[in-house]
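> Predicted coordinates and the sequence they were generated for:
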Amino acid sequence: MINLISKFTKVLINGNKYYILWVTFLLVLVLIGLHAYSRQLIYGLYTTGMGDEVSWGFYIANFAFLVGMAAAAVMIVIPVYIFKDKDVKKIVIFAELFAIAAVIMCLSFVLIDLGRIDRMWHLIPIIGIFHWPESMLTWDVIVLNGYLFINIFVCFYFLYKKYHNQEPKTWIYLSVVFLSIIWAPSIHTVTAFLFQGLGGRPFWHSPLIAPRFLSSAFSAGPAFILIVLILLDKFKAIHISEHTIKRIRQIVTICLLINIFFFFSEVFADLYMPTSHSINLAFLLGVKGKSILTPWIRLSVALSIIAAIMFLTPKLMKNNVFVVIACILTDIGIWLEKGLGFVIPGFIPTPLGDFVQYKPTFNEVLITISVWAGGLLLYTILVKIALPIINGEIRKE
Amino acid sequence: MGDNKNKLSRREFLTAAGIGAATCVASAAAISPLLKLTNKFSLEEFLQKNYRELTPEDKKRIFKRLEREISKKYGVKAKISDPPPLKGVKYAMVINVGRCIGCRKCVYACMKENNNSRSPQVQYIRVMRMEKGKIDLETAVHDYPESEAGQTDKYWYMPVQCHQCEDPPCVKVCPVSATWKEPDGIVVVDYNWCIGCRYCLAACPYYGRRFNWAEPQIPKNELNPDMAYLSNRPRYKGNAEKCTFCLQRTRNGRYTACVEACPTGARKFGNLLDAESEVRKIIDKERVFILKEELNTIPKMYYVFSKA
């Protein structure tokens, strides 16, 4: 055991200067956020930009986006096992490790959003009161924790076997992987249901929300994984074939196009013959009144369209630099749309027609950044430990 | 073999230990503001069960503790009661918008009666100043200056508060059942069980719920010492609250504070199940309407246009 710890400590503290800089940078951000969160605990959520009118903000916005990123890990898994795509197989582990980090970020965002974190135990079945099946939030607790558990198991089992120089037992590995394939869309569907089930909020009360959540997730998630893989390949940490990149790129492109289509479908339904229920979207887009999110959402649409055009231009896709740029545009575009661009407009106007604008406070932004930094730090550490095991540099003697 | 390769060198060991120690010290420094919190923690409060799982003895003990805490904080001797719902009663309210002059006396009477936080200010009732010829909330204004109240020739006024729905979305979405509908139809919150997720605020179509974003502040001399556990006792930072039809009064046969405060008699309150009650007579004889009836939450707040 001590031997094992010292092996991994060795791996973690030895890296090139970029690695050291990156980890230090993230660690500092986490600590700053921890300080900001302490302030929030003492003075209450008053330290955020939220209020009775816009009662969810930056935290829940990032939560909604990250649930999608976590779910999207499965899009990498599907081609491997369903289409028997052997070449993509070896990179599955990176997607699943990311799913772990993303789900932990999701859970953190929900927890920091609670007014009474000290009463969190009320949410634990049996000890507390679990209002299941009525409350969609309880469903979310189940699917998110289940997904986290599944992914931890898959990753641990895979790395454990590799470490012991054995091949993972196909039936164990496969059955859990299939479970995760079924499970992954559920976390995003349930999160979408959390919003679209609310009859009093016309902006969210649309059957297209869950499909939109899935299409945006399945483009943003694989786009992020593609960036990671191209970077790992560049730093010679692992070799990624052209075929793998192409396969993931196709997934991103198709889902991105579907997502843009869904968005315009929703805009059309709301704005062709505007009803009183169209007001949230009209306000968001700046068609009627002007939200401070108007430039935000317009930028989101622009970035998505530019990324789609880039993905559809074969000449550009020959160069990995452009692939990475298109992926970054996709991720930013969808973060803008699925984050604040989705959560905040549901509250504006309020059910009593009040147009209250929302802006996160500095403290709120620091906390949000720190959750992201914490998640990326966790992912960095997981990848750093996994790499030598996958490449066969660390083995049990 | 491999021993030397895998063993940490002296330098590496010191580096790892140094990083670990530095991270611990820095984390402790980062969370140091939390030291201010330690004196407030109470294990008994932490472990307290949901109101509906409490035995009569539990309640007695908890009410005593809360009374002690309140008298310590406000220097006022408070009494926390727990009036049970009356049998055969379903409360309802009718607001005659033909009579409402938008003076907002109800808003402030409610805030005082219910020990709502004054800073930041928490109000349960919102009076909407509507444009003539419309029932459009988007063009309505709620923060009109006091001088613009009573201008019934230009506007009409519609107070909105919790509609005490028979099928309340807020109750459905609560993940921990910290809120529920009582047998007399009043939707209540256990302020000691709510985790502060604010899903109920998102679910409510009537903007009936409020959240304590900061520690509630009430001047000592304004505290109403006549309290009930499920309604007007002081609230905590970080939990949701709402109008409870003043159950500390109404379950003891009195009117709500808003009904009492209304100078024009625009508000009527009573038992929906009693055919002789004032509210039933109005509902039976007048033309009443329900706000956002299409959402089918079956509110027990009725509006009526009537000059009389």
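Now that the structure is in, tell me what you want to look at. Numbers count the residues shown, from 1 in each chain, chains lettered A, B, ... in the order given.

> Secondary structure element for residue 259, which one?
Assuming you mean chain A. In this assignment (DSSP states H and E), A:N259 forms part of helix A:242-271.

> that answer is for a different chain, and I need it for chain B
According to DSSP H and E, B:V259 maps onto helix B:257-261.

> next one: B:K172
Short version, using DSSP H and E: B:K172 is in helix B:169-173.

> all strands of the chain, in order?
Picking chain A for this. With DSSP state E as the criterion, chain A has no strands.

> I was thinking of chain B, sorry if that wasn't clear
With DSSP E as the criterion, chain B has strands at B:79-81, B:91-96, B:126-131, B:155-160, B:179-181, B:187-189, B:209-211, B:226-228, B:240-242, B:267-271, B:288-289, B:301-304.

> Please convert the ones you listed to TSV, extending it with mean pLDDT.
Converted to TSV, the strands of chain B look like this (pLDDT from 0 to 100):
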stretch	mean pLDDT
strand B:79-81	96
strand B:91-96	98
strand B:126-131	96
strand B:155-160	96
strand B:179-181	98
strand B:187-189	98
strand B:209-211	98
strand B:226-228	97
strand B:240-242	98
strand B:267-271	97
strand B:288-289	95
strand B:301-304	97
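
> can I get these in JSON lines with mean neighbour count and distance to chain A?
Using the backbone N, CA and C atoms, a C-beta is placed for each residue, glycine as well. Below are the strands of chain B laid out as JSON lines (neighbours: other C-beta atoms under 10 Å in any protein chain shown; distance: least, C-beta to the nearest C-beta, whole Å):
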{"stretch": "strand B:79-81", "mean neighbour count": "16", "distance to chain A": "20"}
{"stretch": "strand B:91-96", "mean neighbour count": "24", "distance to chain A": "15"}
{"stretch": "strand B:126-131", "mean neighbour count": "20", "distance to chain A": "6"}
{"stretch": "strand B:155-160", "mean neighbour count": "22", "distance to chain A": "6"}
{"stretch": "strand B:179-181", "mean neighbour count": "19", "distance to chain A": "10"}
{"stretch": "strand B:187-189", "mean neighbour count": "24", "distance to chain A": "12"}
{"stretch": "strand B:209-211", "mean neighbour count": "24", "distance to chain A": "5"}
{"stretch": "strand B:226-228", "mean neighbour count": "20", "distance to chain A": "21"}
{"stretch": "strand B:240-242", "mean neighbour count": "25", "distance to chain A": "8"}
{"stretch": "strand B:267-271", "mean neighbour count": "21", "distance to chain A": "18"}
{"stretch": "strand B:288-289", "mean neighbour count": "14", "distance to chain A": "16"}
{"stretch": "strand B:301-304", "mean neighbour count": "21", "distance to chain A": "13"}
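
> closest one to A:F235 among the ones you listed?
Comparison of those against A:F235 by C-beta to C-beta identifies strand B:209-211 as nearest, at 46.9 Å.

> Kindly export stretch B:138-155 (C-alpha atoms) in CSV.
Extracted as CSV, the C-alpha positions of stretch B:138-155 are listed here (Å, rounded to 0.1, in the frame of the first residue of the first chain):
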residue,chain,number,x,y,z
GLU,B,138,-46.4,42.2,-17.9
THR,B,139,-47.7,45.8,-18.2
ALA,B,140,-48.7,45.9,-14.5
VAL,B,141,-46.5,47.8,-12.0
HIS,B,142,-46.0,46.7,-8.4
ASP,B,143,-43.5,49.4,-7.2
TYR,B,144,-45.6,52.4,-8.0
PRO,B,145,-45.0,55.3,-5.5
GLU,B,146,-47.5,55.8,-2.7
SER,B,147,-48.9,58.9,-4.4
GLU,B,148,-50.2,56.7,-7.2
ALA,B,149,-52.3,54.6,-5.0
GLY,B,150,-56.1,55.2,-5.1
GLN,B,151,-56.1,56.5,-8.7
THR,B,152,-59.0,54.3,-9.5
ASP,B,153,-60.0,56.5,-12.5
LYS,B,154,-56.7,55.5,-14.3
TYR,B,155,-55.9,52.1,-12.9
